[in-house]
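Chemist: Need coordinates for the following:
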Amino acid sequence: MPQSIRVMLSGGPEGSPSTWEVRSLDSETRVTVPHWNGYEHFEFADHYAELDGELLPVYRWIYRTYIAE
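Modeler: A predicted model of the protein is given here:
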């Protein structure tokens, strides 16, 4: 069973989560998070921050896309 990796999210609209879990960060510089009726897109900010004694990669918000109906 694959382990998930927790990342810290910075920015984004009100109500966006502050952390998110991804399966792998091997080649991903971006993370996409479903939120309300769309997706929030975050990009690696080239730094790490400590949260609850764990060092997490920080991803900053870059844009939002909407789900097509």
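Chemist: where does this protein have low pLDDT?
Modeler: Applying pLDDT under 70 to the chain picks out residues 1-2, 27.
Chemist: cutoff 80 now
Modeler: By pLDDT under 80, the weakly predicted segments of the chain are 1-2, 25-28, 69.
Chemist: for residue 17, helix, strand, or coil?
Modeler: coil (DSSP: H, G, I helix; E, B strand; the rest coil).
Chemist: where's the residue lying closest to it once chain neighbours are set aside, which helix or strand?
Modeler: Leaving aside its chain neighbours, residue 17 sits nearest to residue 9 (6.1 Å; criterion: C-beta to C-beta, 6 or more residues apart in numbering). The C-beta positions use only the backbone N, C-alpha and C, and glycine is treated the same way. In this assignment (DSSP states H and E), residue 9 forms part of strand 5-10.
Chemist: got the CA coordinates for that strand in PDB?
Modeler: These are the backbone C-alpha positions of strand 5-10, laid out as PDB (Å, rounded to 0.1, in the frame of the first residue of the first chain):
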ATOM      1  CA  ILE A   5       3.200  12.500   1.600                       C
ATOM      2  CA  ARG A   6       1.800  15.500   3.400                       C
ATOM      3  CA  VAL A   7       2.500  18.900   1.800                       C
ATOM      4  CA  MET A   8       1.800  22.400   3.100                       C
ATOM      5  CA  LEU A   9      -0.400  24.700   1.000                       C
ATOM      6  CA  SER A  10       0.100  28.500   1.000                       C
END
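Chemist: Just checking: what are the partner strands of that strand?
Modeler: In its sheet, strand 5-10 lies beside strand 19-22 (antiparallel), strand 54-66 (parallel), with partners assigned from DSSP bridges.
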